[in-house]
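**Student:** mind folding the following:
(one chain, ligands or ions: 2)
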Amino acid sequence: MPTVPPGSIFVTDWHRSPESREYFNKILYKKKRRKFGLLEAPVMPPNLKADTVRYKVFISGKSGVGKTALAARLTGLEIPNVHYETTGMETSVVFWPVKLRESGRVLFFHFQLWDCGENVMCRFDHMLPSCEEQADAILLLFSFTDHGSFEDISNQMPRLTDPSDRVVRLVVGTKFDLFMHTDVTESEITAFQEVWGVPVFRVGGDVSSGMGEIAPLLNALAENLWHQDCAHASNSLSPPS
Ligand SMILES: Nc1nc2c(ncn2[C@@H]2O[C@H](COP(=O)(O)OP(=O)(O)OP(=O)(O)O)[C@@H](O)[C@H]2O)c(=O)[nH]1
Ligand SMILES: [Mg+2]
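**Tutor:** Ligands and ions are numbered 1, 2, ... in the order given. Here you go, the predicted structure:
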């Protein structure tokens, strides 16, 4: 399914609006991101009701590309400077509030991120199926400092465009801060976006406490998941022809 243009379903840049502050405050603690356990959720006062919708998001890409760093970035944790290979599978939780443009309804997206070390994945056959099983979205990562990782994603794309599989796929380029060492050119990114019709998100640098850096990716993830569910619901309601 093609990705939906940003802001077509949700209010654009809602995290910047003063009205959203009470919702975003629920995902903060002492001006930093609050860490949520698997069974925890933000608690809103009765006058600010917001339903929660849950999705499984698998982070994929070769070893060292920055999967664990991206999970840390999205949850607001410090990114380790050295590469510790992830020796198993780790999950973490991100809550993200959005406002629906038409109804004005507010929703909390609950993303359960699945991050599995690439070398473990190669060693144990059951890892990839369990990460992909019932995944609602897959983040395909490449690193701007590793052209091979970008070629891997480009080579995978033809297999990933089956519209019937109900998985949102977004491409994320990591280490964008290391522009002096970049190995992937802007024209390659432009060509990729044109050929495959998917946007490429860029991340890199230190984790900031603000929401501005992660908002484009989390909003796109939420908006495409919501769109996918709405399209599926309307297909299953329409009478067979
Ligand atoms: N400068 C910079 N360094 C990054 C970024 N993302 C990751 N790194 C560094 O790249 C190295 C590898 O990142 P990881 O997130 O551990 O890689 P991984 O994909 O989880 O690797 P495996 O667990 O082995 O599959 C670490 O030293 C990170 O600090 C980034 O956006 N910018
Ligand atoms: Mg890792």
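
**Student:** secondary structure element for the residue lying closest to residue 88 once chain neighbours are set aside?
**Tutor:** Spatial nearest neighbour of residue 88, excluding adjacent residues (CB to CB, 6 or more residues apart in numbering): residue 120 at 6.0 Å. No exception for glycine: its C-beta is placed from N, CA and C like everyone else's. Element membership for residue 120 (DSSP states H and E) is helix 118-123.

**Student:** is ligand 1 within reach of the biggest helix by length in the chain?
**Tutor:** In the chain, with assignment by DSSP state H, the single longest helix is helix 215-237. No: judged by CB under 6 Å from any ligand atom, helix 215-237 and ligand 1 are separated, with a smallest distance of 12.4 Å.

**Student:** shaky segments in this protein?
**Tutor:** Along the chain, segments meeting pLDDT under 70 span 1, 161-163, 209, 237-241.

**Student:** what does the protein put close to ligand 2?
**Tutor:** 67, 68, 86 (CB under 5 Å from the ion).

**Student:** quick one: neighbours of the nearest residue to residue 181 once chain neighbours are set aside, just the number.
**Tutor:** In space, and not counting its chain neighbours, residue 181 is closest to residue 145: 4.9 Å by CB to CB, 6+ apart. Look at residue 145: counted by other CB atoms under 10 Å, it has 22 neighbours.

**Student:** just residue 236 next, same as before
**Tutor:** 7.

**Student:** could you check how far it is from residue 198?
**Tutor:** 25 Å (CB to CB, to the nearest Å).

**Student:** run through who's touching the helix holding residue 120.
**Tutor:** Helix 118-123 is contacted by residues 61-65, 67, 85-89, 127-128, 131 when judged by CB atoms under 8 Å, 6 or more residues apart in numbering.

**Student:** can you tell me the element the residue nearest to residue 181 falls in?
**Tutor:** For residue 145, there is no host helix or strand (DSSP H and E).

**Student:** and it, how far from residue 75?
**Tutor:** 23 Å.

**Student:** same question, residue 106
**Tutor:** Per CB to CB, residue 106 is found 21 Å from residue 75.

**Student:** burial measure for residue 151, as a count.
**Tutor:** By the measure other CB under 10 Å, the count of residues near residue 151 is 13.

**Student:** for it, which three-state class applies?
**Tutor:** Assigned by DSSP: H, G, I helix; E, B strand; the rest coil, the conformation of residue 151 is helix.

**Student:** where's it relative to residue 184, distance?
**Tutor:** Separation of residue 151 from residue 184 (CB to CB) stands at 9 Å.

**Student:** likewise residue 220?
**Tutor:** With distances taken as CB to CB, residue 220 is found 20 Å from residue 184.

**Student:** for the chain, which segments count as strands?
**Tutor:** Along the chain, the segments classed as strands by DSSP state E run 28-29, 32-33, 51-60, 89-99, 106-116, 137-143, 168-174, 200-202.

**Student:** give the other helices and strands that the fifth one contacts.
**Tutor:** Right, strand 106-116. With contacts taken as 3 or more CB pairs under 8 Å, 6 or more residues apart in numbering; DSSP states H and E, strand 106-116 sits against strand 51-60, helix 67-75, strand 89-99, helix 127-132, helix 215-237.

**Student:** the nearest residue to residue 182 once chain neighbours are set aside: how many residues sit nearby?
**Tutor:** Distances taken as CB to CB, 6+ apart place residue 144 nearest to residue 182, at 4.7 Å, with adjacent residues excluded. Residue neighbour count, defined by other CB under 10 Å, stands at 24 for residue 144.

**Student:** in contact with residue 144, which residues?
**Tutor:** 173, 174, 175, 176, 178, 179, 182, 183, 184, 202, 204.
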